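Undergrad: Take this sequence and fold it.
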Amino acid sequence: MTKIGICVAGYGYFGQKLYGYLTKMNECEVRYLYHTDETKARSYGPLGNSDLVKIIHNQSVDAFVVATPNDQHFDLLWHLLNRGHHHVFVEKPMANSYDEGLRLAGLLKDHRGVFMVGHCHRRENVYRKAKEFLNAGVIGKIVNINFNYSSAKVFTIGKNEWRASAVRADLGPLAMVGSHCIDTIHYLFGKVVSVYARLQNLTGKTESPDTSSVVLNLENEATVFLQCNYNVPIDRYCFISGIKGAIYIDRNRRWLRADPDQMTEDQKFIPSEKIEIEVVKNDPIEEELKEFLNAIRTGKKVETGYEEGLAVIRVLEACRRSAKENVPIRLS
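TA: Sure, this is the predicted structure:
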């Protein structure tokens, strides 16, 4: 079987990570590592190339895996989708603004290839298991969700990096990692109807925000408290509170609290015991790349395509406006 020819566009931290996965997959072969700067491209070795037109017209290239900075996604996608036939995997967020996302719809109208957005967070088995519990009504009607995805990344970002720029990374960690959380919120709970966001820079290590706090009201009447920080010790959890119980996801561990209907009257006034649920750890990045390659072979629909990508940047755009105007924003 002929291998799928891949060009990895963007070879920074995450581009290198994706390249590492792709080189271990028998279904494909990485043929180019693209960078706009010729000197930088040459530093990548024999696969490095800065001539996008040449790569696009090379018949051995079937697909592009895009891991460039967020603000470069749209221009690159414009070139790729205008050709019509390349399969495209683009890292989250799909574009840097909602307007760019809407403009992609016109380009995708005549696109004949697979288009996939790299929202891998929802694929973690802990969230798959949570989805099973929620669908089964295990904890009843959802009341609220506390979501935190944070690290001390601001202390390792160089001042000249694009993530440090108040222009190129105006949402800070909310776009970088919050996009993962927003997609997972959509996956688990459904649509966001309004947001109230606050962005701050508390360390002065970058020009871009290093902390974000967002209240999201959902169509199912639940409320999400989302925190994405780059200025605190690493923390990652999702606590889901329902009328009949709660789900705790804490660094890939999961617990359930007891159903109050099964407690005695005395027990209802004290915290119920947490029950740990065993979940097999998986590799969501490997899974999404394999799904992308399989979709190229079979034509199957991918789980996170254009619509899922657009839904995320729509929420991010509302957060941008909310933080700027210091008001809640309703998504029309």
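
Undergrad: what are the phi and psi angles of the spatially most central residue of the chain?
TA: Nearest to the geometric centre of the chain sits His180, at 3.2 Å (Cα atoms, centre = their mean). Dihedral pair for His180: phi -60, psi -50, per degrees, to the nearest 10.

Undergrad: So it is in contact with His121, correct?
TA: Yes. Contact status for His180 versus His121: in contact at 3.7 Å, counting by Cβ atoms under 8 Å. Glycine gets a C-beta too; all of them are placed from N, C-alpha and C.

Undergrad: quick one: the strands in the stretch 201-332 of the chain?
TA: Ranges of strands within the stretch 201-332 of the chain are 211-218, 223-229, 235-242, 246-250, 253-257, 274-277, 329-330, based on DSSP state E, counting those that start in this stretch.

Undergrad: quick one: contacts of whichever strand or helix holds Gly106?
TA: Taking DSSP states H and E as the definition, Gly106 sits inside helix 98-108. Contacting residues not belonging to helix 98-108 are listed as 73-74, 77-78, 81-82, 94-95, 115, 306, 309-310, 313-314, 316-317 [Cβ atoms under 8 Å, 6 or more residues apart in numbering].

Undergrad: just how off-centre is that helix within its chain?
TA: For helix 98-108, the separation from the chain centroid amounts to 18 Å (computed by Cα atoms, centre = their mean, to the nearest Å).

Undergrad: pLDDT below threshold where in the protein?
TA: 84, 252-272 (pLDDT under 70).

Undergrad: Map the structural domains onto the sequence of this structure.
TA: Using automatic domain parsing, the domain parsing of the chain gives 4-121+285-301, 122-282+314-330.

Undergrad: Now do the same contact list for the closest residue to Lys153 other than its chain neighbours.
TA: Leaving aside its sequence neighbours, Lys153 sits nearest to Tyr230 (Cβ to Cβ, 6 or more residues apart in numbering; 4.3 Å). Applying Cβ under 8 Å, 6+ apart to Tyr230 gives the contacts 150-154, 157, 172-173, 176, 210-211.

Undergrad: The chain: helices as residue ranges?
TA: For the chain, helices defined by DSSP state H occupy the ranges 13-22, 38-42, 52-57, 73-83, 98-108, 125-135, 173-176, 178-189, 284-298, 306-325.

Undergrad: TSV for the ones you listed, including distance to Asn201?
TA: Converted to TSV, those look like this (distance: least, Cβ to Cβ, whole Å):
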stretch	distance to Asn201
helix 13-22	22
helix 38-42	29
helix 52-57	34
helix 73-83	24
helix 98-108	23
helix 125-135	30
helix 173-176	11
helix 178-189	16
helix 284-298	30
helix 306-325	12
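
Undergrad: Need the winner for burial among those helices.
TA: helix 173-176 (a mean of 26; mean count of other Cβ atoms under 10 Å).

Undergrad: In terms of secondary structure, what does that one contact?
TA: strand 211-218, strand 223-229, helix 306-325 (3 or more Cβ pairs under 8 Å, 6 or more residues apart in numbering; DSSP states H and E).

Undergrad: Please tabulate these in JSON lines, including the columns distance to Gly20.
TA: Putting the helices and strands packed on helix 173-176 into JSON lines (distance: least, Cβ to Cβ, whole Å) gives the following:
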{"stretch": "strand 211-218", "distance to Gly20": "29"}
{"stretch": "strand 223-229", "distance to Gly20": "26"}
{"stretch": "helix 306-325", "distance to Gly20": "24"}
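
Undergrad: nearest to Val66, of those?
TA: helix 306-325 (11.7 Å; Cβ to Cβ).

Undergrad: follow-up on the earlier one: would you format the strands of the stretch 201-332 of the chain as TSV with distance to Gln16 and mean neighbour count included?
TA: Output for the strands of the stretch 201-332 of the chain, formatted as TSV (distance: least, Cβ to Cβ, whole Å; neighbours: other Cβ atoms under 10 Å):
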stretch	distance to Gln16	mean neighbour count
strand 211-218	26	21
strand 223-229	23	21
strand 235-242	22	18
strand 246-250	28	20
strand 253-257	29	17
strand 274-277	34	12
strand 329-330	36	16
